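Participant: Sequence unavailable; structure follows:
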C-alpha cells in the first residue's frame with residue numbers, strides 16, 4: 001500500500017517473488033520489514049500500480065521500514081518521470 005487515495009481506496013504496487021526482468025523492480029527482503037515479512041525475497045514493480053478499496057484487502061503481511069518504502073516510492077516517481085507522455089496544451 002503506497003498511498004491513501006481517499007474514500008476507502010488505496011494506491012497499491014504489485015509485489016511478486018519474480019522480477020520478470022523488470023529493470024525498475026525494487027528488491028524487498030526480510031531486513032526491509034519493521035514488522036512481519038514475506039515468505040520469499042520479493043520485488044515491488046513500480047510500473048504495476050493499481051487502486052483497490054480497503055474492503056478487498058484481506059490482511060497485512062507486514063510493515064516496511066521507512067527507507068524500503070522510500071526506495072519503492074522513488075522508483076514509482078522515476079517511472080512516471082521517465083514516461084514518454086507528451087504535454088497537451090490546455
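Facilitator: Received the coordinates, thanks. Just so it is clear, the model here is predicted, and its values are computed rather than measured.

Participant: And residue 5, how far from residue 44?
Facilitator: Distance, residue 5 to residue 44, using CB to CB, to the nearest Å: 18 Å. (C-beta placed from N, C-alpha, C; glycine too.)

Participant: strands paired with the strand or helix carrying residue 45, and their directions?
Facilitator: Here residue 45, judged by DSSP states H and E, is contained in strand 42-53. Here strand 42-53 has these sheet partners by DSSP bridges: strand 9-16 (antiparallel), strand 26-28 (antiparallel).

Participant: could these go into TSV alongside mean pLDDT, distance to residue 37 and mean neighbour count?
Facilitator: TSV is the format used below for the strands paired with strand 42-53 (pLDDT from 0 to 100; distance: least, CB to CB, whole Å; neighbours: other CB atoms under 10 Å):
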stretch	mean pLDDT	distance to residue 37	mean neighbour count
strand 9-16	97	12	16
strand 26-28	98	9	19
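
Participant: Out of these, flag the one nearest residue 50.
Facilitator: Ranking the strands paired with strand 42-53 by distance to residue 50, with CB to CB as the measure, places strand 9-16 first at 5.5 Å.

Participant: Give me the contacts around the closest one.
Facilitator: Outside strand 9-16, the residues that touch it by CB atoms under 8 Å, 6 or more residues apart in numbering are 1-5, 28, 38, 42-46, 48-54, 57, 72, 76.

Participant: same thing but at 6 Å, please
Facilitator: Taking contacts as CB atoms under 6 Å, 6 or more residues apart in numbering, the residues outside strand 9-16 that touch it are 1-3, 5, 42-45, 48-53.

Participant: tell me the secondary structure for residue 80?
Facilitator: Three-state call for residue 80 (DSSP: H, G, I helix; E, B strand; the rest coil): helix.

Participant: tell me, how many neighbours does it end up with?
Facilitator: Neighbour count for residue 80, taken as other CB atoms under 10 Å: 12.

Participant: What is the distance between the strand holding residue 45 and the centre of its chain?
Facilitator: Here strand 42-53 is found 5 Å from its chain centre; the criterion is CA atoms, centre = their mean, to the nearest Å.

Participant: Just the buried positions in it, please.
Facilitator: Judged by neighbour count using 16 or more other CB atoms under 10 Å, the buried positions of strand 42-53 are 42, 43, 44, 45, 46, 47, 48.
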